[in-house]
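S.K.: Just need the structure, nothing else, for what follows:
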Amino acid sequence: MTFRSRSGGPVKKRGPKKQTHTRKLHHPPPPKDKETEEEEDKPKVAKAIELAPLPNALESGPFNPPDTEILALLNRSLNETLSSDEFIPTIQKIKSLLYEKKWLQVFESQDEFLLESYTGRWVPSRICCFRELMDKLVKDVFTGIDQDSLELIMRNLQLEDKDDEEEEEENEDEEGNDSGSEDGDIAEDKDKDEDDNDEENEEEDEDDEGAKDEETSNQAESSTHANQKHHNILSLGGGAGSELLAISALIRSVLIQKPQSHPRFTWTGIDIGNWSNVLMKLEDTVKSDWKIDESILEIDYIQANLLSSSSIFKTTSPPNPAISAPTKTIDILTKTLIDKPPKLITLFFTLTELLTQNRSKTLSLLNKITENVSPGTLFLIVDSASDISDFELGSSQRKYPIYMIIDALLLSPSPTKQDKSKNWKKLKSENSRWFRFNDSTINNISWKVKLENTRYWYRLYQKI
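M.R.: Next up, the predicted model:
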């Protein structure tokens, strides 16, 4: 083996370096046009991000009614159950069933105490969570003021201004004509006769004016009722009461701000469990505490299996007439979508359970919604952001979050449309979001179990 030291051997000759790439010539920038200079001088406005996350839950509000008032209302509704010694043991039983994904053993139970215990344990945080989320995403549904309404209000204001100006001009013209046509030589006898006639007709004029005012007020009330918007809200899996109380709290907030101008609402809940008694207790407390009666909010609960093609009802004579229980075997979801076209559909913490029970029927359920709702309908889906909502797909059995599956289903091109356009568009979404109670709520309300925070994901779609 030969070794050649650095100092030994012939001197290495270094020739000129070969150019291995094309050199770039640095030219000065071209002169700017006047238009580009003007555009650069203008203040830059940041583009709005379509799917920007919502503010933190602790930064939201303040809400009216506050979370403490909502929880106090729920406590009064279920006070007998919450104060029972069997409440905590029943909660432990429900937890074990939910951990094993035996949801039907909980929700199809005929044990009213068990269902009320579930409401007392899991509903408190969800009420406040859903209220906060819907206030940020779909507040227009409750206020009744959307873009079209704003444009109509602005047009009416412009018309009123024009009418006022025309009336002022007419009054000025009339005053000028009256001053020019006054005659100073009117006889005194004629004035006395006119005064006597005026005195005789004063009472008749007052009666006529009173009748006209009453007729005008009646016409105004009837026209206001006729022009009042009516919004249908459909909650799939909304039997435990979270959606009902969250929606009632939003309606209560609107009534406080606009007591004379607000939509009328119909809330319809469809769920597999026998939640009638729970909802009746919540409804009675909402009526008494928040003064929300049937003229403002109609409540209709239907006990039915969402995954069944023909829903069979188990009750035929409910104690409350507002609780529907048809005896015919019909597709109740399609009938509800047609009879009460929803402005908003909610699917809160239910999608995971439906997919676990039957994936193909859950896809059919989503297709049924797509086929039977009109353009503009809002579809808000909320579910847990934990690993329990991940599902295996394909031969590789790779797990995917539910929100990815739902996006793929609802946002894919429609096979029924000739132009293959989409059926839904996504307005807002977050893959992970926390709802946390603030310290004042926890310190000012006493609950028999710990008030837990909620981590969830959501999607807001709109039918195209």
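
S.K.: from what I can see residue 253 touches residue 66, true?
M.R.: No - between residue 253 and residue 66 there is no contact under CB atoms under 8 Å: 10.4 Å. (C-beta placed from N, C-alpha, C; glycine too.)

S.K.: Poorly predicted segments of the stretch 101-250 of the chain, please.
M.R.: 146-227 (pLDDT under 70).

S.K.: Show me what counts as buried in stretch 414-428.
M.R.: Using 16 or more other CB atoms under 10 Å as the test for burial, stretch 414-428 gives 423-424, 426-428.

S.K.: repeat for stretch 443-452
M.R.: Buried, per 16+ other CB under 10 Å, within stretch 443-452: 445, 451.

S.K.: now do stretch 246-260
M.R.: Using 16+ other CB under 10 Å as the test for burial, stretch 246-260 gives 246-255.

S.K.: May I have the phi/psi pair for residue 104?
M.R.: Per-residue torsions, residue 104: phi -70, psi -30 (degrees, to the nearest 10).

S.K.: How about residue 302?
M.R.: phi -120, psi 120.

S.K.: Give the burial count for it, as a bare number.
M.R.: 20 (other CB atoms under 10 Å).

S.K.: Looks like it contacts residue 272 (just checking).
M.R.: No - counting by CB under 8 Å, residue 302 stays clear of residue 272, with 10.4 Å between them.

S.K.: rewinding a little: narrow the buried residues of stretch 246-260 to those in helices?
M.R.: Among the buried residues of stretch 246-260, DSSP state H puts 246-255 in helices.

S.K.: residues near the residue lying closest to residue 275 once chain neighbours are set aside, how many?
M.R.: Nearest non-adjacent residue to residue 275, counting by CB to CB, 6 or more residues apart in numbering: residue 239, 3.4 Å away. Applying other CB under 10 Å, we find 27 residues neighbouring residue 239.

S.K.: part of a strand, is residue 94?
M.R.: No - Residue 94 is assigned helix when assessed by DSSP: H, G, I helix; E, B strand; the rest coil, not a strand.

S.K.: Please, where are all the strands along this protein?
M.R.: For the chain, the strands defined by DSSP state E cover 230-236, 264-271, 297-303, 323-324, 342-348, 378-384, 390-393, 398-401, 424-435, 454-463.

S.K.: show me the contacts for the closest residue to residue 361 other than its chain neighbours.
M.R.: Once flanking residues are discounted, residue 361 sits nearest to residue 307: 4.2 Å by CB to CB, 6+ apart. Residue 307 makes contact with 354, 357-358, 361-362, 365 under the criterion CB atoms under 8 Å, 6 or more residues apart in numbering.

S.K.: right, and the pair among those with maximum separation?
M.R.: Across the contacts of residue 307, the longest distance by CB to CB is 10.8 Å; it joins 357 and 365.

S.K.: okay, those two: which has more neighbours?
M.R.: Set residue 357 next to residue 365 and count neighbours by other CB under 10 Å: residue 365 wins out with 20 against 16.

S.K.: Could you report the separation of the nearest residue to that one once chain neighbours are set aside from residue 395?
M.R.: In space, and not counting its chain neighbours, residue 365 is closest to residue 306: 5.9 Å by CB to CB, 6+ apart. Distance from residue 306 to residue 395, counting by CB to CB, to the nearest Å: 29 Å.

S.K.: The two: which has the busier surroundings?
M.R.: Between residue 306 and residue 395, residue 306 has the larger neighbour count (other CB under 10 Å), namely 21 against 5.

S.K.: Pull the contacting residues for the more buried one.
M.R.: Counting by CB under 8 Å, 6+ apart, residue 306 touches 236-237, 270-272, 333, 354, 365.

S.K.: could I get those residues as JSON lines with distance to residue 74?
M.R.: What follows is the contacts of residue 306, written out as JSON lines (distance: CB to CB, whole Å):
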{"residue": "236", "distance to residue 74": "22"}
{"residue": "237", "distance to residue 74": "19"}
{"residue": "270", "distance to residue 74": "22"}
{"residue": "271", "distance to residue 74": "18"}
{"residue": "272", "distance to residue 74": "22"}
{"residue": "333", "distance to residue 74": "28"}
{"residue": "354", "distance to residue 74": "26"}
{"residue": "365", "distance to residue 74": "29"}
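
S.K.: among those residues, which ones are buried?
M.R.: Buried among the contacts of residue 306 by 16+ other CB under 10 Å: 236-237, 270-272, 333, 354, 365.

S.K.: ok, these vs residue 142, which is closest?
M.R.: residue 236 (19.0 Å).

S.K.: close enough to count as contact, the closest one and residue 347?
M.R.: Yes - counting by CB under 8 Å, residue 236 does reach residue 347; the two are 4.9 Å apart.

S.K.: Could you check how many residues crowd around residue 228?
M.R.: Neighbours of residue 228 using other CB under 10 Å come to 12.

S.K.: Give me the distance between it and residue 382.
M.R.: For residue 228, the distance to residue 382 - CB to CB - is 29 Å.

S.K.: and what of residue 134?
M.R.: 10 Å.

S.K.: Residue 83: what's it in contact with?
M.R.: Per CB under 8 Å, 6+ apart, neighbours of residue 83: residue 448.

S.K.: Can you list phi and psi of it for me?
M.R.: phi -90, psi 0.

S.K.: tell me the pLDDT at it?
M.R.: In this model, residue 83 is scored at 96, pLDDT.

S.K.: Can you report how many residues neighbour residue 406?
M.R.: With other CB under 10 Å as criterion, residue 406 counts 23.

S.K.: didn't it look like it was pressed against residue 381?
M.R.: Yes - using CB under 8 Å as the test, residue 406 is close enough to residue 381 to be in contact (6.3 Å).

S.K.: Need the overlap of contacts for the two.
M.R.: 351, 459.

S.K.: how about the residue nearest to residue 264 when sequence neighbours are not counted, what does it touch?
M.R.: Take residue 264 and drop its neighbours on the chain: the residue closest to it by CB to CB, 6+ apart is residue 230, 4.8 Å away. Listed by CB under 8 Å, 6+ apart, the contact set of residue 230 reads 263-266.
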